[in-house]
Each structure stands twice: as C-alpha cells, then as structure tokens.
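Undergrad: give me the fold of what follows.
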Amino acid sequence: MRRRTRLAMTGAATLAWGEWLNWRWSRALVGSRGGAREAVVVLGYRNPQTTANFVNRWRVRAGVRSIASDHDARGTRVIFSGGETTAGAAEARLMTNYAKSALAFDGTVLLEDRSTTTWENMTNVIPLLEDVDRIKIVSQPAHALKARAYLRRQRPDLAEKLVRADDYRLGEWMLAKPLLALYGLWTLRGLKADERRISL
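TA: As a prediction, this is how the structure comes out:
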C-alpha cells in the first residue's frame, strides 16, 4: 500500500511540475499592452503529410482562440509561419487550410512559408508585424518562449508589443506536459536569465 501511495504521490508531483514549468514559460517575456491592431503568429511544426498533423491542428486552434474575446477580430491578423515539409506543402499552407476548412475561420490570414527554423520564423514575420500594437506567438509554451526571446534579440522594439497568447491551459496536454517540460528545458538551455523573466 505504501508503495502505491509513493507512486501516486510521485506521479502527481511529476504532473504538477510539468504544469508549473509550462505555466511559467507561457508568462515569460510578455506584457499587457493594449491597442486595436493585433497579430497572432502561429508557428508550424514539422509535418511530413499532406494535411495538418495533430500538433499543427492544435496550434491552429490555440491561435484562433488567442484572438482576444474583447477584441474586434477585424483588427487581428493571424500569421501562419512555416516552410516546406517533406510532403512538399508549406506548414503555413497546411495550417491555413485547416483553419479555413475545419474551423471555418474567416478572419485575416497571412502566410510566411519560407522558414525552416524558429530563428527564421521570427526573422521572416517581422515585416508583417511592423504596424501592429500587440503580438501573440502561439506554440507549445517552451517553443513560444524561445520565439519571443528570438524576436527580442532581433527587434527589441517589437518585443515590447508581446502579450500572452492562449496556448497554455491548465490540464490541457496534462499527461504530456512533463515530457514537454523536459524537452523545453533542453531547448531553452541557451536562453539568458533575463529572457526567462515572468510577467504576471
């Protein structure tokens, strides 16, 4: 019985640790800036098939729900960013197709279809962000934080416009969050302390 209790407590602690790290990452390098013009940047994930895979479908849904509920959607542009996959179609195109066909999204959509790395994602979307008031970057929390840090390195003035996206929700991806946390710790190892700063 004690062994089962210890296992249960260890499992609960592991899940809580994964939740906590993902929660922290979702709140790092963001502010509370207002403004009528908003850009939601949805980052693609490697997609070897001809339709959006599970991860990209989730990112599209998170991007659409990140459009502020109190915000005029006509003032929001959704930017899908990701280059060609092994199947030949760009991740940005696959995500756009999913948003329009499965989610019936009819808002403003822009495509950035040349990027193959997170650094390139940020470099290539910059021209699409120059005139907006608020910027949201959508991905799994560790990846989105990495992208925000890269935008901050490339264009600190635009990074001042970063606000939280709705890509973290308590309990969502709960069983996977410890693994995502471990992977995130590895991918974020190159970030500086001030690039992990939390804004509540």
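Undergrad: what is the longest helix seen in the chain packed up against?
TA: Longest helix in the chain, counting residues (DSSP state H): helix 2-26. Contacts defined by 3 or more Cβ pairs under 8 Å, 6 or more residues apart in numbering; DSSP states H and E place helix 2-26 against helix 141-154, helix 177-187. C-beta here means a position set from N, CA and C on the backbone, and glycine is covered the same way.
Undergrad: next, the angle from the shortest one to helix 141-154.
TA: Here helix 177-187 runs at 30 degrees with respect to helix 141-154, directions being taken by axes from the mean of the first three to the mean of the last three Cα atoms, to 10 degrees.
Undergrad: now do helix 177-187 against helix 2-26, angle only.
TA: Using the same axes, to 10 degrees: helix 177-187 against helix 2-26 is 50 degrees.
Undergrad: hmm, who's touching helix 177-187?
TA: 14-15, 17-19, 21-22, 25, 140-143, 145-146, 173 (Cβ atoms under 8 Å, 6 or more residues apart in numbering).
Undergrad: thinking again about what came up before, deepest of the helices and strands packed on helix 2-26, which one?
TA: Most buried of the helices and strands packed on helix 2-26, by mean neighbour count (mean count of other Cβ atoms under 10 Å): helix 141-154, with a mean of 22.
Undergrad: which residue is the nearest non-sequential neighbour of residue 195?
TA: Nearest residue to residue 195 in three dimensions, chain neighbours excluded: residue 149, at 4.2 Å (Cβ to Cβ, 6 or more residues apart in numbering).
Undergrad: what does the model give residue 49 for pLDDT?
TA: In this prediction, residue 49 carries a pLDDT score of 87.
Undergrad: burial measure for it, as a count.
TA: Residues contacting residue 49 under the criterion other Cβ atoms under 10 Å number 12.
Undergrad: surely it and residue 87 touch.
TA: Yes. Using Cβ atoms under 8 Å, residue 49 makes contact with residue 87 at a distance of 5.6 Å.
Undergrad: residue 47 reaches residue 87, doesn't it?
TA: Yes. If you go by Cβ under 8 Å, residue 47 and residue 87 touch, sitting 7.1 Å apart.
Undergrad: and those two? which has more neighbours close in?
TA: Taking neighbours as other Cβ under 10 Å, residue 47 and residue 87 compare with residue 47 leading, 24 against 13.
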